[in-house]
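Student: return a 3D structure for these sequence lines:
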Amino acid sequence: MFNRIFMFAIIIGVPLSVIGSIMHWPAVSLFVIYCATIVALAGFMGRATESLAIVAGPRIGGLLNATFGNAVELIISIFALKAGLISVVLASLTGSVLGNLLLVGGLSFFIGGLKYKQQKFNIHDARHNAGLLIFAVVVALVFPEVFSYKLNDAESLTLSVWVSVIMIILYLAALLFKLVTHRGVYVSEHDEEHGEETAEWSKGKALLILALATVAVAYISEKLVHTFTEVGHTLGWSEVFIGVIIVAIVGNAAEHASAIIMAYKNKMNVAVEIAIGSTLQIAMFVAPVLVLVSLFFTHSMSLVFSLPELIAMVLAVFLTITLTSDGDTNWFEGLTLLAAYVIMGVGFYLL
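Tutor: Okay, here's the model as predicted:
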């Protein structure tokens, strides 16, 4: 049913996006059309990456879903940086961390837990991810914030560039560790078997759909960014709320759906890898890449978040680690994560 809805949304949404931007329709109307179309395109990107990942196993499958899911947000953020909307970009990065850990993780645990009383996943991956989460958010993001009080803007940018380069190197090293040097070393008895699954699309068709969807998302994302200011004034939304909630949900729609579906099928290794792996990719790769890309624009971006954004990310990390460190979950733990997301969402709306 959802596949038909997404197809209908793409068939209607893409032409409307082009026509509306040419005819200068009201910003709020365009904002709704752009968001709905991007979500539908992200759904097809998720299906394509799932087809490519059928034979690749939970780690590579989760990595593919997270990567192409984050590609949407990366594209939106680059256009936002070009437009000088640095606060929106930082807020969207915050929203991605909160959305992946609390919303995606929470929905996955909750919906999967309604069907299965207890769901297990690889505890070694959980512990490995916990260490990286603490490094990526508590160390690498808090450090520039603390030092920014004693540094000028140029010095903060220099520190952010160094931190960004180091995080990218460590992220690539983490992939090397999990997928090459220690692949299969930490195997859990609960790791799912994927050998009996059949890919929905062939490799060629999946790659073609990914390419076309990415081009369409890039075009619509550029148009979406230009509606932020007017939509914020019209609806009374701050740039922080637009970034933390709206852009984050729209930009990560593909992996949201994929993680929940995997949890419902009791494939928790994939679901957890999407939710937490996507968070790590945002914090250790997407954010640093945006810092480096911003050096080529008029306004450069430092890794200096607002205090509410930083505190929210740190709390989300520690809550997620506390609930996932034992390698199993249930619907109540999912509900706990969702409750934390709602509390933070209300806070950012009122901010």
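Student: the residue nearest to residue 100 when sequence neighbours are not counted: what's it in contact with?
Tutor: Take residue 100 and drop its neighbours on the chain: the residue closest to it by CB to CB, 6 or more residues apart in numbering is residue 279, 4.3 Å away. No exception for glycine: its C-beta is placed from N, CA and C like everyone else's. Contacts here follow CB atoms under 8 Å, 6 or more residues apart in numbering; on that basis residue 279 touches 96, 97, 100, 101, 133, 136.
Student: show the buried residues in those residues.
Tutor: 96, 97, 100, 101, 133, 136 (16 or more other CB atoms under 10 Å).
Student: for residue 76, state which of those is nearest.
Tutor: Nearest to residue 76 out of the buried ones among the contacts of residue 279 is residue 96 (CB to CB; 10.7 Å).
Student: what pLDDT does that closest one get?
Tutor: What the model reports as pLDDT for residue 96 is 87.
Student: what mean pLDDT does the one helix or strand residue 348 maps to get?
Tutor: Element membership for residue 348 (DSSP states H and E) is helix 331-350. Averaging pLDDT along helix 331-350 yields 93.
Student: and it, how far out from the chain middle?
Tutor: Centroid separation for helix 331-350 versus its chain: 17 Å, with CA atoms, centre = their mean, to the nearest Å.
Student: how close does the closest residue to residue 327 other than its chain neighbours get to residue 166?
Tutor: Nearest non-adjacent residue to residue 327, counting by CB to CB, 6+ apart: residue 123, 3.1 Å away. Distance, residue 123 to residue 166, using CB to CB, to the nearest Å: 28 Å.
Student: looking at those two, which one has more neighbours?
Tutor: residue 123 (16 against 13; other CB atoms under 10 Å).
Student: surely the more buried one touches residue 272?
Tutor: No - with contact defined as CB atoms under 8 Å, residue 123 does not reach residue 272; the gap is 10.5 Å.
Student: what residues does residue 81 make contact with?
Tutor: Contacts of residue 81 by CB under 8 Å, 6+ apart are 89, 290, 293, 294, 297, 299, 301.
Student: quick one: pLDDT of residue 108?
Tutor: Looking at residue 108, its pLDDT stands at 91.
Student: tell me the contacts of it?
Tutor: Residue 108 touches 259, 260, 262, 263, 268, 271, 272, 275, 334, counting by CB under 8 Å, 6+ apart.
Student: now that the fourth one has come up, it's in contact with residue 111, right?
Tutor: Read that as residue 263. Yes - between residue 263 and residue 111 there is a contact at 5.9 Å, judged by CB under 8 Å.
Student: quick check: phi and psi at residue 119.
Tutor: phi -120, psi 130 (degrees, to the nearest 10).
Student: what about it, how many neighbours?
Tutor: Neighbour number of residue 119 under other CB under 10 Å is 24.
Student: these two touch, right, it and residue 327?
Tutor: No - contact between residue 119 and residue 327 fails when scored by CB under 8 Å: they sit 9.9 Å apart.
Student: how far does the helix or strand encompassing residue 292 sit from the chain's center?
Tutor: Element membership for residue 292, per DSSP H and E: helix 287-294. Centre-to-centre, helix 287-294 and its host chain are 16 Å apart (CA atoms, centre = their mean).
Student: got it, and stretch 221-234?
Tutor: With CA atoms, centre = their mean, you get 20 Å for stretch 221-234.
Student: closest one to residue 29 out of the contacts of residue 108, please.
Tutor: Of all these, residue 29 sits closest to residue 260, with 29.0 Å by CB to CB.
Student: residue 263 and residue 111: who's more crowded?
Tutor: Set side by side, residue 263 and residue 111 show more neighbours around residue 263, with 31 against 17, by other CB under 10 Å.
Student: so which elements touch the helix or strand hosting residue 318?
Tutor: Using DSSP H and E, the element containing residue 318 is helix 307-324. With contacts defined as 3 or more CB pairs under 8 Å, 6 or more residues apart in numbering; DSSP states H and E, helix 307-324 has these neighbours: helix 86-98, helix 105-115, helix 123-133, helix 142-147, helix 268-281, helix 331-350.
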